[in-house]
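Colleague: Return a 3D structure for these sequence lines:
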Amino acid sequence: MTDSLQRLVSHWALSEVLPLADTHSSKVFTAEYQGIPVVLKIMKPASDEQQSARILHYFDGLGAVRVIRDLREAMLLEKLDPEPHLKAMVQQEQDLEAAAIISNTISALHTKRETKRPDGIRTLEVQFTELFDKARTPCAPSFHNAAGIARRLLSSEQELCVLHGDIHHENILNSERGWLAIDPKGIFGERTYEVANTLCNPVDTPTIVHSSERATQLAKHFAETLNLDANRILEFAFVHACCSVCWAEENKQDTSYAEETIRTLEQLVSL
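Modeller: Residues are numbered from 1 along each chain as shown. Alright, predicted model coming up:
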């Protein structure tokens, strides 16, 4: 047991501590706290989830996992169920059923509608920084197109609220309270952007995601269930896919999947 883990176990008097996951941003354990099952999440120094607890406190259990205790570098969360899994549902030809669960979760997350950006939460314009930077350099036309669309979307933002910022099939899990989102990034901007990443997921399912018919179908579904504009959904998804390539390049990760997603979505947007 590491010193950091031992200190947290002692601080919160945890028992039955077992490793659950080791991701690029955190180490995750199951444990018991005051007789109830919990998840202990310890953020790594370079984690992009440092404000996750703050965003989860903002949602206050509405569509999101509850924070039981937290420190700057760690959180105790209510324990959710790993099964059923939305990614598996998609793989089992239940794509629209999974999308319906995502819609309901987003509706709960967006119950609160702030008209003013809370301090410390970045805007969509900041979210798109790497895309704008790339578009100022010699690059593929898709990134220039995406940057232009992003600026047009930002100039006409509507229905602003605090967004989870990373909704996809593996960030929504089941529980006794229903389906709940985990691992928020926290962004303030048009709520249409909340569904953008879903059109690019689940990862590792290219034959499903890289279908223009599927993207159009999901955009129509989210437009109807969340009262959004289907064209803006597709535009935000295209912009997000281009951002994903920028982020992957910064982290020296493979970009082939995201590049194919760009090609799928670009043909569906008005340039």
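
Colleague: Now do the contacts for residue 232.
Modeller: 153, 190, 192 (C-beta atoms under 8 Å, 6 or more residues apart in numbering). In this view, the C-beta of every residue, glycine as well, is placed from N, C-alpha and C.

Colleague: Quick one: the strands in the stretch 1-150 of the chain, in order.
Modeller: Residue ranges of the strands in the stretch 1-150 of the chain, as given by DSSP state E, counting those that start in this stretch, are 15-22, 26-33, 36-43, 67-70, 74-78, 122-123.

Colleague: Find the nearest non-adjacent residue to the residue positioned nearest the centre of the chain, please.
Modeller: For the chain, the residue nearest the mean C-alpha position is residue 166 (1.1 Å; C-alpha atoms, centre = their mean). Nearest residue to residue 166 in three dimensions, chain neighbours excluded: residue 185, at 4.7 Å (C-beta to C-beta, 6 or more residues apart in numbering).

Colleague: That neighbour: how many residues sit nearby?
Modeller: 18 (other C-beta atoms under 10 Å).

Colleague: Figure out the helix or strand that it lives in.
Modeller: Using DSSP states H and E, residue 185 maps to neither a helix nor a strand.

Colleague: so it sits right up against residue 48, yeah?
Modeller: Yes - if you go by C-beta atoms under 8 Å, residue 185 and residue 48 touch, sitting 6.9 Å apart.

Colleague: Rounded mean pLDDT for stretch 67-78, please.
Modeller: Rounded to a whole number, the mean pLDDT of stretch 67-78 is 94.

Colleague: Quick check: end-to-end length of that stretch?
Modeller: With C-alpha to C-alpha, to the nearest Å as the measure, stretch 67-78 spans 7 Å from end to end.

Colleague: who touches that stretch?
Modeller: Under C-beta under 8 Å, 6+ apart, the answer for stretch 67-78 is 4, 8, 11-12, 31, 33, 38-43, 50, 52-53, 56-57, 65-66, 175, 182.

Colleague: about what we covered before: export the contacts of residue 232 to TSV and tack on pLDDT?
Modeller: Output for the contacts of residue 232, formatted as TSV (pLDDT from 0 to 100):
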residue	pLDDT
153	98
190	97
192	98
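
Colleague: Out of the residues you listed, grab the one that's most surrounded.
Modeller: residue 192 (24 neighbours).

Colleague: Is it part of a helix or strand, or is it coil?
Modeller: State at residue 192, reduced to three classes by DSSP: H, G, I helix; E, B strand; the rest coil: helix.

Colleague: That one and residue 79: what is the separation?
Modeller: Computed as C-beta to C-beta, to the nearest Å, the residue 192 to residue 79 distance reads 32 Å.

Colleague: ditto for residue 126
Modeller: Where residue 79 is concerned, residue 126 sits at a distance of 33 Å (C-beta to C-beta).

Colleague: ok, the two, which is more surrounded?
Modeller: residue 79 (20 against 13).

Colleague: Now that that one has come up, it's in contact with residue 37, right?
Modeller: Yes - counting by C-beta under 8 Å, residue 79 touches residue 37, with 4.3 Å between them.

Colleague: between the two, what contacts are shared?
Modeller: Common neighbours of residue 79 and residue 37 (C-beta under 8 Å, 6+ apart) are residue 30.

Colleague: Give me the residues contacting stretch 39-58.
Modeller: Taking C-beta under 8 Å, 6+ apart as the rule, stretch 39-58 contacts 4-5, 8, 12, 14, 17, 20, 24-31, 64-67, 70, 72-80, 112, 118, 120-121, 162, 164-165, 183-186.
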